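# Sequence first, predicted model second:
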Amino acid sequence: TQGITSYGYIVKNSGETVLLASIQMAFRLHQAHLELKKQKEHYQNLFDHITSGVAVYQAVDEGRDFVFLDFNKAAESIEGLGKNEVLSRKVTEVFPGVTDFGLLEVLGRVWRTGQAERHRVTQYRDQQRAGWRENLIYKLPTGEVVAVYEDVTEEYERKRQLETLMGNLPGMAYRCLNDPMWTMSFVSQGCLRLTGFSKEELEENKTVSYGDLILAEDRQKVWESVQRAVSSHENFTIEYRIRDKSGGVRWVWEQGVGIYGSGDRLLHIEGFISDINDKKQAELDRQHHEDRLRRTQKIAHIGNWEFDLRTRTLYWSDEIYRLFGLEPREFDATYQAFIDRVHPDDREKVDAAYFGSIKANRDSYEIEHRIIRKNDGAVRIVREKCDHLRNGDGEIVTSIGMVQDITRQKEIEEELNRCQGRLGEGTPQR
């Protein structure tokens, strides 16, 4: 019989088995060569089109330097160098800053140990180029060392700018878990000024939890406020007190929002906390001052008012409401509400005196008149006085004044006058 091989040879039944075996081996080698070529083309295609930079090195000088064996297209783009510009050249020649960068040391160590290493984000700089790079270095079974790396310059610069911005903000940006300790997975550098604790001390509760800094009296209020907001997917704003590292108590203002994942699951909370201690103290001082002023006005039966001529809005202190027989803030004060409380026989006089002072462009206004209290109908005498304030054009725009109940003073004056009259009548004539 005759057989036809894949190469087309005709082998006769003549005992030529050696020739047949040789042809079959040649065929298998050819197939393996084709497969190897295919794999190499596949590898080269992958090598050239991977988005990460890849450099393949061969150690020279016993691992004290390395020569480029390959350089993919992504690396060419990152470095602004063509493959032909780097192949067969030493890495210290192409990148003179590689020693300071720290990569040369890592290449040598991986070549000697065979253990892969990550060279974390570091800035490379020489006279030609600069940028932030992150490298993964490993050794091939054939002895070559491969560096797969990313150019993270833009990302790092954005992060650096954000950190700089956050660091200059008067407070602390944060991301935390929704737990009673408010475990911080991230805090900005402003945490040090705000709490006295560093970023490293606060994150993951390494030294102290943020929840421990909140005053015990305020913790429940803070917890309930945040839970109400995150349960309804709303932002929250709260004010409370913390105790800083030095033991001092300060007021802070916090605004935050829940971040949710699939299934509406709350992942964490992000927000910003700022120091409002000076503002809060000023507010408390102002409230204390206003309380003292209210008490003083109540004792002296004096109230203050302010009238904006542009908007026709009038402000009354609580004591003016009481002088007029009204409950404080019973209704919004208006000029008409004031006139309604003036005695009917005095209304025209009061109206003419006030607007006459404005028309005459005077700096002040003063008058005594009667009012009728709403709650008991009593007639009281008041003294009213104000100063007119002007804008940049010299026009009167606002009046700031006071009202004092002088009824008792008038009663005493009348009694004194009567006494003097009686004394005068009883004096003998010479």
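Received it, and whenever you're ready, just let me know what you need. Numbering: from 1, shown residues only.

# Every contact and neighbour count from this point should use C-alpha atoms.
OK.

# And the closest residue to Lys374 other than its chain neighbours, how close does it get to Arg380?
Spatial nearest neighbour of Lys374, excluding adjacent residues (C-alpha to C-alpha, 6 or more residues apart in numbering): Gly325 at 4.8 Å. To Arg380, Gly325 is 10 Å away according to C-alpha to C-alpha, to the nearest Å.

# Next: Ser357.
From Ser357 to Arg380 the distance is 24 Å (C-alpha to C-alpha).

# do the same with Val98
Taking C-alpha to C-alpha, one finds Val98 at 93 Å from Arg380.

# Same drill for Ser357 and Arg380, tell me which one is more crowded.
Arg380 (19 against 15; other C-alpha atoms under 10 Å).

# Bridge partners for that one, pull those for me.
Ile371 (DSSP bridges).

# and what of Phe71?
Residues in a beta bridge with Phe71, per DSSP bridges, are Ala55.

# my read: it touches Lys83, true?
Yes: between Phe71 and Lys83 there is a contact under C-alpha atoms under 8 Å: 5.6 Å.

# Centre of the chain to whatever helix or strand Gln287 lives in, how far?
Per DSSP states H and E, Gln287 falls inside helix 277-300. Relative to the centre of its chain, helix 277-300 is centred 32 Å away, using C-alpha atoms, centre = their mean, to the nearest Å.

# tell me the mean pLDDT over it?
Helix 277-300 shows a mean pLDDT of 75.

# So which residues make contact with that helix?
250-252, 303, 318-319, 404 (C-alpha atoms under 8 Å, 6 or more residues apart in numbering).

# Low-confidence ranges, the stretch 101-250 of the chain, go.
166-167 (pLDDT under 70).

# residue boundaries of the helices in it?
Secondary structure of the stretch 101-250 of the chain (DSSP state H, counting those that start in this stretch): helices located at 103-113, 153-168, 191-195, 199-202, 210-213, 216-231.

# most tightly surrounded among those helices?
helix 191-195 (a mean of 20; mean count of other C-alpha atoms under 10 Å).

# by contact count, what packs against that helix?
strand 171-176 (3 or more C-alpha pairs under 8 Å, 6 or more residues apart in numbering; DSSP states H and E).

# Okay, now the sheet partners of the strand it packs on, with direction.
strand 184-187 (antiparallel), strand 266-275 (antiparallel).

# what touches both of Gly325 and Arg380?
Common neighbours of Gly325 and Arg380 (C-alpha under 8 Å, 6+ apart) are Arg373.

# May I see the buried residues of stretch 304-318?
Within stretch 304-318, the residues that count as buried by 16 or more other C-alpha atoms under 10 Å are 304-307, 314-318.

# From one end of that stretch to the other, what's the distance?
9 Å.

# which residues are in contact with it?
Taking C-alpha under 8 Å, 6+ apart as the rule, stretch 304-318 contacts 294, 303, 319-320, 328-329, 333-335, 396-403.

# Looking at Phe71 and Lys83, which one has more neighbours?
Neighbour count, other C-alpha under 10 Å: between Phe71 and Lys83, Phe71 has more, with 23 against 17.

# beta partners of Ile242?
Under the criterion used (DSSP bridges), Ile242 bridges to Ile214, Arg250.

# so who does it touch?
With C-alpha under 8 Å, 6+ apart, Ile242 has these contacts: 195, 213-215, 249-252.

# need these in TSV with distance to Glu384, can you?
As requested, the contacts of Ile242 are exported to TSV (distance: C-alpha to C-alpha, whole Å):
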residue	distance to Glu384
Thr195	51
Leu213	52
Ile214	50
Leu215	48
Val249	45
Arg250	43
Trp251	41
Val252	43
